[in-house]
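[1] kindly return the folded structure for what I paste below:
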Amino acid sequence: MSTDDPGTPDDNPLPKRPWARSNPAPNGPPKPPHPPGTGGFGGGPPPAGGRMPAPVSSLRVLMTVIGGLQAILGLALVTNSVSIATSLWGEDDASTYARRATGEDHAGMVVFVGILILAVAAWGILTALKFPTRHPNVRNSAIAYGWMTLAFTVFLWAFMTVLILVLIWLALAILLIVRPNQPECRDWFGAPGRL
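    Numbering: from 1, shown residues only. Below you'll find the predicted structure:
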C-alpha cells in the first residue's frame, strides 16, 4: 500500500523523486514546468523559430565531418599504437635480448596523442550539436575549434607525405575559422560584431 494514499496499492516499483518538477514542494505549491525550449536547464534563450541559415548549417555539417574524421584518426592511433610507434621510431637491433623494441617504448605517446585527438573530435561534434541553441558561446567555441584544427593541420604536415591531403585539411580548417564570422552566423548566434 502507498503511504500517500491509503486506498491505492503501491504498484510503482520506482521510488518517489522529491526533486521532480511535477511533485509539489514539501511546504508550498507545486513548481511550474520548465519554459519551452530551454531544455530544463535555462542555459540559453529559447530558439526564436525559423530555419537555420545555409552558412550556419554548412558550418555545422563541416564541423561534424571534421570531428568524425578526427575521431577515426584518434581511434586508429589508440588501437594501432605499437605498430605506428614502430614505424615512426624504428625497431631495435635483434641481437640485444631482454630489451623492448623502441616502438614499444613510444607506444604510450601514440596512445596519448590518439586520446587527445579523440577529445578534440568530441569537442567539435558536441559544438556542432549545440548550434540550434543559438547561444553566442557556441559560436566562440566553433571559432576556437577552427583554430585548433588549424594547429592540427600543422601537426599533420609534419607526418603526412601526401601534400594534397594536407592542403585539403588546411582549406577546411580555414573555412572553420572564417564561417562563424559571416553575417548570417553572427545574426544566428546573436553576436554583436566582428570577432
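[2] other SSEs contacting the helix or strand that contains A85?
    Using DSSP states H and E, the element containing A85 is helix 81-89. With contacts taken as 3 or more Cβ pairs under 8 Å, 6 or more residues apart in numbering; DSSP states H and E, helix 81-89 sits against helix 102-105, helix 107-129. All C-beta spots, glycine's among them, are computed from the backbone N, C-alpha and C.
[3] run the angle between the helix or strand that contains R139 and helix 107-129 for me.
    Taking DSSP H and E as the criterion, R139 maps to helix 136-159. Counting by axes from the mean of the first three to the mean of the last three Cα atoms, to 10 degrees, helix 136-159 lies at 150 degrees to helix 107-129.
[4] next, the buried residues of helix 136-159.
    138-139, 141-143, 145-146, 148-150, 152-153, 156 (16 or more other Cβ atoms under 10 Å).
[5] please pull out the lowest mean pLDDT helix or strand from this protein.
    helix 102-105 (a mean of 69; mean pLDDT, DSSP states H and E).
[6] go through the longest helix along the chain and flag the buried ones.
    Counting residues, the longest helix found in the chain (DSSP state H) is helix 54-79. For helix 54-79, the neighbour count (16+ other Cβ under 10 Å) marks 55-56, 59-60, 62-64, 66-67, 70-71, 73-74, 77-78 as buried.
[7] what average pLDDT does that helix get?
    For helix 54-79, the mean per-residue pLDDT is 92.
[8] swap in stretch 106-115?
    Rounded mean pLDDT across stretch 106-115 is 85.
[9] when you give positions from now on, start the count at 616
    With the count now opening at 616, the last piece we talked about shows up as stretch 721-730.
[10] can you dump the C-alpha coordinates of it into CSV?
    This file holds the C-alpha atoms of stretch 721-730, laid out as CSV (Å, rounded to 0.1, in the frame of the first residue of the first chain):
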residue,chain,number,x,y,z
HIS,A,721,56.9,5.1,-27.5
ALA,A,722,53.5,3.4,-27.9
GLY,A,723,52.2,5.3,-24.8
MET,A,724,53.0,8.6,-26.5
VAL,A,725,51.0,7.5,-29.6
VAL,A,726,48.0,6.5,-27.3
PHE,A,727,48.2,9.9,-25.6
VAL,A,728,48.1,11.7,-28.9
GLY,A,729,45.2,9.5,-30.0
ILE,A,730,43.2,10.3,-26.9
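[11] residues making contact with it?
    Stretch 721-730 has contacts (Cβ atoms under 8 Å, 6 or more residues apart in numbering) with 688-693, 696-697, 699-700, 703-704.
[12] can you do 7 Å?
    For stretch 721-730, the surrounding residues in contact (Cβ atoms under 7 Å, 6 or more residues apart in numbering) are 689, 692-693, 696-697, 699-700, 704.
[13] just stretch 762-771 next, same as before
    Contacts of stretch 762-771 (Cβ under 7 Å, 6+ apart): 681, 735, 781, 784-785, 788, 791-792.
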